[in-house]
Structures are given as structure tokens and as C-alpha cells.
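# Turn this into a structure:
(one chain, ligands or ions: 1)
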Amino acid sequence: MSRVALEGIVKRFGEHAAVDGVSLVAEPGQFVALLGPSGCGKSTTLRLIAALERPDEGRIQIAGQDVTHAPPAERGVAMVFQNYALFPHLTVGENIVFGLTVRRVDKAERARRLARAAELLGLQALLGRKPAQLSGGQRQRVALGRAIVAEAPVCLMDEPLSNLDAQLRQQMRGEIRELQQRLGITMIYVTHDQTEAMTMADRVVLMRAGRIEQQGAPQDLYERPASTFVAGFIGAPAMNLFPSDDARTLRGVRPEQLRLLPAGQGLPARVAAIEYLGAESLLVCEAAGTRLVVRAGADAAHPLPPRGAEVGLDWPAHALHHFDRDTGLRLS
Ligand code: ATP
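I've put the predicted structure just below:
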């Protein structure tokens, strides 16, 4: 098991700093998600760890060694790419052991590792097929197989599920997490999907414009967002943000913390739209010149008010977050 540590990493492309002073640690056996919007520097950070890019500043340590200037082969990391990078003319088995063949690992050892990976991933029956004869999920598993046979203590994944449909993505989330725990590897996983990061990771690193906006356990980011950016990015639907009476601060409240009351009680509001999701519904309410989303559970005893209805809204005092209106930073 390996610890990965980045300290003050800067990577510039021309004048532009794609990664701008990033420090983070993945403890041995930890699953760390690099999360953030498109272009925030997630992939570049991962490529720096894999030695596919060189940093302009800062240090990278893996398993206690300074590998800032070490080539890929000396870092003990395996990487799974978004497009899987499978060779169409090779069989599944040949694809999985490709890296071992290149490194001249002997035949018996290759066979041993292939058998283990195929068993872990349920690919035994498919080893003779070509990638074109596989489903998206099966191709995904082949790409994972490559990382497994490398027997590297650190695994890097860049949006590995983005080509899969929603149902398969959810299934593979669980499989990757289980595999990572079973093998005890340190995982650094890039995604722009906050649900993926929240459900899979021990630690979430949320990036914005090359910098880390906040990092911590998923519940830290959800319960104590450091800024309005974090509050808006983590949680679906996002936290409601609305001005307070003193105009200097912004208040925030999560949709599940808002309570619906009869008209005449609480903050006066009108139901502008309803999104029915089965187990729950999202009510978009207009109140105090802003829009507030309310998450309401399905409860036959308390049917939801119809669109256009006048209602009241209330929230427990502890559910309120306060942010500086100018800087967006958390105040309390
Ligand atoms: P996405 O989710 O869209 O993949 P990302 O968060 O992974 O985004 P990066 O791919 O790390 O973002 O890119 C960060 C910034 O660096 C972007 O502005 C991008 O255009 C720029 N960038 C990345 N690679 C290069 C390159 N080789 N040359 C020039 N600019 C680059």
C-alpha cells in the first residue's frame, strides 16, 4: 500500500496555470476523488502523478520516495483512461496482459496474473474475444483488468465510467469501490460527477480553476461547504442560496431542510413547478423574490400542493449556512 502526496504543484501551459498550487495526500488504501467542473485541472493533476506531464513547481512523493522527476515505470502506478485505450486487433486476454508483455514479464507469471484478474472481473469466458465483440461494460472491465495485472499499489482513473449508460455506471461504481478495497490499493479517481465522488470516495478534493476549493470526507463538504461554489457543486439539487436581510451575507439551506407549511405560516411562497421523481418530488417555489427548491418525500397522508398553490416555508435554525456575499466564503 502506498501513500501519494502532492506539495505545491504548479503546471503551466504557456501563460495559463492549469494546476495552480495543488497540495493533497492520498493515504495508503484510500479512495480519493478529484472532482470539479470541466477545465478545472483534474486530468492534468492525474497526468502529473502518472508522469505523463512534468510539474513546473512542487513535489510529488509516492510511498515515501520523491518521484517528481521519475519516469512512469518507476512510480508504481497503473492508469485507466476514459476511452479504455484497448487494441482492436488483440484479444481480451492479450489486451489485459499487454503492459506485462512489453515489460517482458515471463509467460507463467503473465498467465497467473491474467487468471486472477479474469476471475476478479468475471471475464473468464471472454478472454478470446476482440474488443469489438464486447459490450461497453465488458470493455470497461478489460481496462480495469490491465490495471489489476500491473499489481501497482496506486491506481489512477480518469472518468472511467463516462462512456457507460446510467444503470451500468451505478453498478460499476460499486464494483470499482469493492475491488479497490479488496486489493487494498490507493486510488485517485477523476470525475466531474459529484454523485460518483460522494458515493465512492473516502476523501473528495473539489477543484476550481486549477486550485483546490475544499477537500475532506464527503460529509464534510456536504455539511460544511467552505464556499458558495462548494455549496452549489455538492448535492443534487444544489443548496438554495438567498440574500439575508442585512444584504451582506448570503444564506444557504439544503432542499431537504425546507418544510412546507400551509399558506399564512412561515415565509410566504408560491409553487412554480413540480418535478415528480417517484419516491420524492422537487417543488420549485417562488419566495421573497427568489427561487427555492424544496425536496418533499412521497406521503399519501400529506398530498403535495399543486402548481400555483400559495404555501409557507420554514427551516430549522441549525440548517442555515452563511456566506460572504462578495467573496462567497463561509462565515459560520
Ligand atoms: P475535463 O473534465 O473537461 O476533462 P479537467 O478538469 O480534467 O477537465 P484539464 O484537462 O486538467 O481539466 O485541463 C485544465 C486546463 O488546462 C484547461 O484549461 C485545458 O484547456 C488546459 N490544458 C490541458 N492540457 C493542455 C495542453 N496539453 N496544452 C494546453 N492546455 C492544456
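# Point out where the stretch 151-300 of the chain drops to low pLDDT.
Where the stretch 151-300 of the chain drops to pLDDT under 70, the residues are 300.
# rerun that using 80 as the cut-off
Scanning the stretch 151-300 of the chain for pLDDT under 80 picks out 163-164, 247, 299-300.
# For it, list the residues in contact with the ligand, please.
residue 192 (C-beta under 6 Å from any ligand atom). Yep, even glycine has a C-beta here, placed from its N, CA and C like the rest.
# Smallest gap between the stretch 151-300 of the chain and the ligand, at which residue?
Across the stretch 151-300 of the chain, no residue is closer to the ligand than residue 192, which sits at 4.9 Å (C-beta to the nearest ligand atom).
# Neighbours of that residue, how many?
Residues within reach of residue 192, counting by other C-beta atoms under 10 Å, total 17.
# likewise residue 155?
Neighbours around residue 155, by other C-beta under 10 Å: 23.
# Surely it is within a strand?
Yes: assessed with DSSP: H, G, I helix; E, B strand; the rest coil, residue 155 lies in a strand.
# Quick check: it touching residue 185?
Yes: if you go by C-beta atoms under 8 Å, residue 155 and residue 185 touch, sitting 5.1 Å apart.
# What sits closest to residue 169 if chain neighbours are left out?
residue 161 (4.6 Å; C-beta to C-beta, 6 or more residues apart in numbering).
# next one: phi and psi at that neighbour?
Note on residue 161: backbone dihedrals following degrees, to the nearest 10 are phi -110, psi 0.
# ok, it - contacts?
Each residue near residue 161 by C-beta atoms under 8 Å, 6 or more residues apart in numbering is listed here: 140, 168-169, 172-173, 176, 191, 196.
# got a markdown table for these, with secondary structure too?
Output for the contacts of residue 161, formatted as a markdown table (three-state DSSP):
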| residue | secondary structure |
| --- | --- |
| 140 | helix |
| 168 | helix |
| 169 | helix |
| 172 | helix |
| 173 | helix |
| 176 | helix |
| 191 | strand |
| 196 | helix |
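# Need the residues you listed in a markdown table (columns: neighbour count).
As requested, the contacts of residue 161 are exported to a markdown table (neighbours: other C-beta atoms under 10 Å):
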| residue | neighbour count |
| --- | --- |
| 140 | 23 |
| 168 | 15 |
| 169 | 19 |
| 172 | 20 |
| 173 | 19 |
| 176 | 22 |
| 191 | 24 |
| 196 | 23 |
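# can you tell me which of the residues you listed lies nearest to residue 63?
Residue 63 has its nearest neighbour among the contacts of residue 161 in residue 176, at 22.0 Å by C-beta to C-beta.
# so what's the closest one up against?
144, 157, 160-161, 189, 200.
# change it to 7 Å
Going by C-beta atoms under 7 Å, 6 or more residues apart in numbering, residue 176 touches residue 200.
# Residue 200 versus that one, what's the distance?
Distance, residue 176 to residue 200, by C-beta to C-beta, to the nearest Å: 7 Å.
# again, but for residue 29
From residue 29 across to residue 200, the span is 14 Å (C-beta to C-beta).
# Please identify which of the two sits among more neighbours.
Between residue 29 and residue 200, residue 200 has the larger neighbour count (other C-beta under 10 Å), namely 22 against 17.
# Please enumerate the helices of the stretch 201-332 of the chain.
Listed in chain order, the helices of the stretch 201-332 of the chain (DSSP state H, counting those that start in this stretch) span 218-223, 228-233.
# For those helices, give me CSV that also has distance to residue 53.
Output for those, formatted as CSV (distance: least, C-beta to C-beta, whole Å):
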stretch, distance to residue 53
helix 218-223, 27
helix 228-233, 25
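# among the ones you listed, which is the most enclosed?
helix 228-233 (a mean of 21; mean count of other C-beta atoms under 10 Å).
# quick one: contacts of that one?
Residues outside helix 228-233 that contact it (C-beta under 7 Å, 6+ apart): 194, 206, 208, 213-214, 221, 225, 238-239, 241, 250, 252, 321, 323, 328.
# Among the residues you listed, which one lies nearest to residue 280?
Taking the contacts of helix 228-233 together and measuring to residue 280 by C-beta to C-beta, the closest member is residue 238, at 15.8 Å.
# Quick one: residues contacting that closest one.
Residue 238 touches residue 232, counting by C-beta under 7 Å, 6+ apart.
# Break the chain down into its domains, please.
4-229, 238-324 (automatic domain parsing).
# List the contacts of stretch 241-256.
Counting by C-beta under 7 Å, 6+ apart, 228, 231, 235, 237, 239-240, 282, 288, 290, 292-295, 315, 319-325, 331 sit against stretch 241-256.
# Filter the residues you listed down to the buried ones.
For those, a neighbour count by 16 or more other C-beta atoms under 10 Å gives the buried set as 228, 231, 235, 239-240, 282, 292-295, 315, 321, 323, 325.
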